[in-house]
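Trainee: This is a predicted model, with the sequence first.
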Number of protein chains: 4
Amino acid sequence: MGNTFGKLFRVTTFGESHGGVVGVIIDGCPPCLEISEIDIQKDLNRRRPGQSKITTSRQEMDNCEIVSGIFNGLTLGTPITILVHNKDFCPQDYDEMKSKFRPSHADWTYETKYKTRNWQGGGRSSARETIGRVAAGAIAKKILKQFNNVEIISYVKQVKNLRAVVNPNKITFEEIENNFIRCPDQKVARQMISLIEDIKKSNDSIGGVIECVVRNSPQGLGEPVFDKLEADLAKAVMSLPASKGFEIGSGFKGTLMTGSQHNDEFYIDSTGNIRTKTNRSGGIQGGISNGENIIIRTAFKPTATIGKKQKTVTSDNIEAILSSKGRHDPCVLPRAVPMVDAMVALVLCDHLLRWQAQCKILK
Amino acid sequence: MGNTFGKLFRVTTFGESHGGVVGVIIDGCPPCLEISEIDIQKDLNRRRPGQSKITTSRQEMDNCEIVSGIFNGLTLGTPITILVHNKDFCPQDYDEMKSKFRPSHADWTYETKYKTRNWQGGGRSSARETIGRVAAGAIAKKILKQFNNVEIISYVKQVKNLRAVVNPNKITFEEIENNFIRCPDQKVARQMISLIEDIKKSNDSIGGVIECVVRNSPQGLGEPVFDKLEADLAKAVMSLPASKGFEIGSGFKGTLMTGSQHNDEFYIDSTGNIRTKTNRSGGIQGGISNGENIIIRTAFKPTATIGKKQKTVTSDNIEAILSSKGRHDPCVLPRAVPMVDAMVALVLCDHLLRWQAQCKILK
Amino acid sequence: MGNTFGKLFRVTTFGESHGGVVGVIIDGCPPCLEISEIDIQKDLNRRRPGQSKITTSRQEMDNCEIVSGIFNGLTLGTPITILVHNKDFCPQDYDEMKSKFRPSHADWTYETKYKTRNWQGGGRSSARETIGRVAAGAIAKKILKQFNNVEIISYVKQVKNLRAVVNPNKITFEEIENNFIRCPDQKVARQMISLIEDIKKSNDSIGGVIECVVRNSPQGLGEPVFDKLEADLAKAVMSLPASKGFEIGSGFKGTLMTGSQHNDEFYIDSTGNIRTKTNRSGGIQGGISNGENIIIRTAFKPTATIGKKQKTVTSDNIEAILSSKGRHDPCVLPRAVPMVDAMVALVLCDHLLRWQAQCKILK
Amino acid sequence: MGNTFGKLFRVTTFGESHGGVVGVIIDGCPPCLEISEIDIQKDLNRRRPGQSKITTSRQEMDNCEIVSGIFNGLTLGTPITILVHNKDFCPQDYDEMKSKFRPSHADWTYETKYKTRNWQGGGRSSARETIGRVAAGAIAKKILKQFNNVEIISYVKQVKNLRAVVNPNKITFEEIENNFIRCPDQKVARQMISLIEDIKKSNDSIGGVIECVVRNSPQGLGEPVFDKLEADLAKAVMSLPASKGFEIGSGFKGTLMTGSQHNDEFYIDSTGNIRTKTNRSGGIQGGISNGENIIIRTAFKPTATIGKKQKTVTSDNIEAILSSKGRHDPCVLPRAVPMVDAMVALVLCDHLLRWQAQCKILK
């Protein structure tokens, strides 16, 4: 029952990896917004498999089709439905996984919970499900852009032990799209790509960290005490496949400081606005955005599906050896970048509508 | 609008620090469960201020009163309301904060969003709000205990740079309650307490990390794709005051491993059950609990309110100096331990009911 | 789990008839709205028992206390909690109902569902629960008034076979409050009161119909396809104790007309606005308010609890005779008038916020 | 934002009349339920246009396609998506409605609210939207059947002034499907059909009443105080196009009785079960089902779209004359019968899951 995200800008994804279709419904989108398939396709292309030598070789163009909610190029205020047909099926690649559970994957827990599962390509637990998120995120980003020129920019910060040096306040979209790995530190990017190629050859996988910055963040978003903005952001990215950790602002490192070192001093800037000198808060204080850049980081584990032989068990409770054949990414990070963008956009857009409802009705 | 948590086991908290009352309503609690104020008071006592020399000196006994939903000692299936009256008010301590915003606190963002705020003791952004969470968590824990003898045990893992050595699979509740800081590594606990005392004297504050282990975790909890169990756990703890980061299982460190190192091998145990040899997954795979211990960590920043002088601004947009007088904790961790316990219990209990609804109706 | 109403303006009621307290939490209320206990008490007084010779003799002043969410007379944007303490308990009156189920009451279904119940005064199924609704409705009405001078006026249209003649477009609040029964047709009102007095003497009860008109209704409220405004209004009043039917506009009588007779012709009024000549639609078309007066009717059955002897069964599955002693209304209608007002206000206020969120964000 | 129905068995419909596709997503369906397109097509065929001489002449086979959520004939527990492609478009028929608002239709209110609309065939306000409801209802009915052999049977009770004589406790599905109008009183059915044919010839329309009986109703469904079973049923059917009124059990007529006449006496039946002698309650007491047959009635107004000339206004605020050309039903009732079935099934199935969650977890 957990396939809907958001309270007002509501996104429901559906579809299995090797079912006929994956897609998304967006309910609650403001009317009269210009949206075309081109807006959405741009982001889907950043997510699609087969886009470079360091992603899975599954070939899907992921062409999207909007089948409801748009008329004469404008949103109607009714549910927007976007479909993407699965094309490049290889169910036979998954024959072995029909009975053998991939370690650290969703195979066994789905089987345990539902007593059935679509074992082809991971079924619903496949990252193909995120197509719907990315498509919806493209619309959310357009609303945010139109509202306050909000920019959401994610990039690879770390792959295994390789760390990029990045200034989140300055980075451009072009610097990120400049290489396959989507890391704006071009030198480290090359090392990361080379490392992923090596790992791929060894039939193994690696993980890393994606950082996301939101610039021109609106003030006042977030609903304490449970729907604090950072809480909803944490949920959003922790619902992505392979994510294992979340930080905002100073994050885990902030625990090494004292309060007097950590607190962000307020000052009045040249235009008379209240600002903070530092941004260890990561753009959110007390669960509400303060207008400074929002900065979060998400840890992604190494891909669970690997070609290397692994010990596992079968659905008949027998111990067995598995070497997975299905096509898979040696490192999910380059394709996870647009996923993080999308999830952050969905959270912000939903909270923007919530703020508008509660805080603007009597003004 | 964000004051309700959970979908089926629904918890709504209310109340300001210096308003008359703080409390909670729990809707959706199973009927015929034995609950008394004693069950709840036990946990509230672990959270209450003034419990030791390393917590705030505000003196509140936090005596709770159940005013609805229980009859003859049993839950009725109707909403349970629990009230705690605020007693030890010192609004005058906050006079300065009426106009001066505390750096890295919620003062300014509340003011910006709502154009008003209760400045006494932080109002709604005060940790007093968590009384309702802890009270509701006590009931959730009882349900989980009764269902599968589920144990939820949190403890302080790190204070500033002091790290405890702990085996989450073995630790007992008594070892945690054995000292003020709630760290089961008794030697490091003493160092932590001493460090907090020093920090307190210097009018500063520190933070750290709380780890939580869930033992006898039921299998099958979690609702992909958005309401994955780790996503809801992340949201739960990231909604606690002062939290800055979340990890499950291997967390950020897991990004340094390869897939073949990171994956948790399956095997058949002596009773014929499917188990994993390691637990880097932290008890959840594909968003669904696998029955292994759930292990999460939450980073808490140093308390924002400190006695040291800080630069800030006033509500009239003038730069100013603030040295906070209000009573506050030099380190939130010992009192955050029962809060983490409670939030984890609320997530698990809600997901238990969701699992029961979808997966047990046709069996 | 069904104790919360609304999506954005969220109202949760709690409390049993003879428990300590009944009350309500309102989450999502816009900030900076002036609210005092006087605003709320006015409406509670219209609902309270013992207000006239034709209501129950239970004496409750129903004095309300706001214990959170208001500071210096203004809403904070945080949850507003309102409490009313139960005073005039007579649990002994209900001794017989501990084991004997009242026919057509909630006694048996609560017992069947929850396997326990508070049998004192009907527990949660008592109309005392509606105190919370009326209190929340007072706030909703204030928001609607401030937004567009919206007026919500309910009145008794029919008691048993006595029908009032009323022009909903002209009626005033004073005409309704002019008599105990709250019927603006003063002549029929006297007959109704006299009929209720007779019924009371005979230890029996009667029902009737309440009509509600909303004037200065905003245009554009209602969210097709499921949350159409009339659908949410229907749910709202059908959740009131003793309601058995709902109509909007022409209602059941409209089924006797042809389309050409029933359709509301559009025209341009003297100020250039689009209006309808007739209002068989009842102010809502296609699930969305059109700005004409909203007109709905709710049928209330005769009170289930009566003094007359009735055949029933006991909790031990034995047939028995019951003559109820508890104090009760011979006719719920006069006290149901403010309840209908409140429920209509809650629906409109919630939809106002929803409209604001979706339709005003990009304007 | 109102396109999702249900809390646990969650149904989201999408699509416009002349958009490419209409359909539905069902989230929360129990896993391992056998479902095929045949199960769903059966009900869609009862709803489809062009099925008889008394319905619209639009020719749509409404063939459904399940594109997610089913694998090897079993539900996966993941979202089920069902699509129906629109085929028989005639946008040109609606050219006039592009600018002229149909009286008592949704044209103007959609325009007012969203500032845009799909004017072809009514867009989202078309009854084609109910395809998704009927498809989801087919699955809900299967769950209810499997759980307790629950039967949901709707039929036409009244067309204009023609009233059928029906015993809801005995009626069979075959008697209803025996004629085009779906009225089990065969003699009155012939009169109804003849009346509709006459009305069609005169370019006018008529309405009526549909009654629905639920047999083998489970006990204990319904969640006071707001989500009472009758409240959710009222909302469900009042969200259907053209509905104007709702009754349960004795309904509006019950207001003419005294309490002693109206109350349903309890007795012990031959198998030792508690039953009621009469059923004026309509199977629900205190908001919770008591196991007796649930009986509700819904009033449907005459179809708003008629061929007769009508006065109206244009989107340029000019008064005008409209004679609608689009194909439409002279009477919605025969096709509304499966819609009522579906909405009742969705409510019961959702509440069944809610009951299972709260009331069966600790047993």
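Mentor: Yes, it's here.
Trainee: Tell me which other helices or strands the one helix or strand residue A:176 maps to touches.
Mentor: Using DSSP states H and E, residue A:176 falls within helix A:173-177. Secondary-structure packing of helix A:173-177 (3 or more CB pairs under 8 Å, 6 or more residues apart in numbering or on different chains; DSSP states H and E): strand A:151-159. Just so you know, the C-beta spots here come from the backbone N, C-alpha and C atoms, and that holds for glycine as well.
Trainee: how far out from the middle of the chain is the strand it packs on?
Mentor: 11 Å (CA atoms, centre = their mean, to the nearest Å).
Trainee: Walk me through which strands it pairs with, and which way each runs.
Mentor: Paired strands of strand A:151-159, with direction, are strand A:162-163 (antiparallel), strand A:208-215 (antiparallel) (DSSP bridges).
Trainee: Point out the most buried one among those.
Mentor: strand A:208-215 (a mean of 24; mean count of other CB atoms under 10 Å in any protein chain shown).
Trainee: continuing past that strand, what's the next helix or strand?
Mentor: Next in sequence after strand A:208-215, counting helices and strands by DSSP H and E, comes helix A:229-238.
Trainee: Can you give me the buried ones in that following helix?
Mentor: Neighbour-count burial for helix A:229-238, counted by 16 or more other CB atoms under 10 Å in any protein chain shown, picks out A:229-238.
Trainee: I'd like the distance between the nearest residue to residue A:185 once chain neighbours are set aside and residue A:340.
Mentor: Using CB to CB, 6 or more residues apart in numbering or on different chains and skipping residues adjacent in sequence, the residue nearest residue A:185 is residue A:164, 3.6 Å away. For residue A:164, the distance to residue A:340 (CB to CB, to the nearest Å) stands at 15 Å.
Trainee: Which of these two has more residues huddled nearby?
Mentor: Between residue A:164 and residue A:340, residue A:340 has the larger neighbour count (other CB atoms under 10 Å in any protein chain shown), namely 28 against 22.
Trainee: Relative to chain C, how far out is the more buried one?
Mentor: From residue A:340 across to chain C, the span is 24 Å (CB to the nearest CB, to the nearest Å).
Trainee: quick one: contacts for the residue nearest to residue A:185?
Mentor: By CB atoms under 8 Å, 6 or more residues apart in numbering or on different chains, the contact list for residue A:164 reads A:155-158, A:183-185, A:188-189.
Trainee: what's the farthest-apart pair in those?
Mentor: Pairwise distances across the contacts of residue A:164 peak at 12.7 Å for A:158 and A:184 (criterion: CB to CB).
Trainee: of these two, who's got more company?
Mentor: residue A:184 (26 against 23).
Trainee: Just checking: what are the partner strands of the helix or strand hosting residue A:267?
Mentor: Assigned by DSSP H and E, residue A:267 falls within strand A:266-268. Sheet partners assigned to strand A:266-268 using DSSP bridges are listed as strand A:274-276 (antiparallel).
Trainee: What is the longest helix along chain A packed up against?
Mentor: Ranked by residue count, the top helix of chain A under DSSP state H comes out as helix A:333-359. If you count contacts as 3+ CB pairs under 8 Å, 6+ apart, helix A:333-359 packs onto helix A:37-47, helix A:130-148, strand A:151-159, strand A:208-215, helix A:229-238, strand A:294-300, helix B:107-114, helix C:333-359.
Trainee: most tightly surrounded among these?
Mentor: Note that of those, helix A:229-238 is the most buried (mean count of other CB under 10 Å), with a mean of 29.
Trainee: and the helix or strand just after that one, does that touch chain B?
Mentor: Heading C-terminal from helix A:229-238, the first helix or strand you meet, by DSSP H and E, is strand A:243-248. Yes - on the criterion CB under 8 Å from any CB of the partner chain, strand A:243-248 is in touch with chain B at A:243-248.
Trainee: hmm, back to that, how much distance is there from the longest helix of chain A to the middle of the chain?
Mentor: Averaging C-alpha positions (CA atoms, centre = their mean) puts helix A:333-359 10 Å from its chain's average.
Trainee: Tell me the residues of the stretch 251-363 of chain A that contact chain C?
Mentor: The stretch 251-363 of chain A comes close to chain C at residues A:352-354, A:356-362, as judged by CB under 8 Å from any CB.
Trainee: I'd like these laid out as a markdown table, including distance to residue A:119 and pLDDT.
Mentor: Shown next, in a markdown table, are those (distance: CB to CB, whole Å; pLDDT from 0 to 100):
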| residue | distance to residue A:119 | pLDDT |
| --- | --- | --- |
| A:352 | 40 | 98 |
| A:353 | 39 | 98 |
| A:354 | 39 | 98 |
| A:356 | 44 | 98 |
| A:357 | 43 | 98 |
| A:358 | 45 | 97 |
| A:359 | 48 | 97 |
| A:360 | 49 | 96 |
| A:361 | 50 | 93 |
| A:362 | 54 | 90 |
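Trainee: which of those sit farthest apart?
Mentor: Spatially, the most separated pair among those is A:352 and A:362, at 17.9 Å (CB to CB).
Trainee: Isn't residue A:20 up against residue D:71?
Mentor: No - in terms of CB atoms under 8 Å, residue A:20 does not count as a neighbour of residue D:71; the distance is 11.6 Å.
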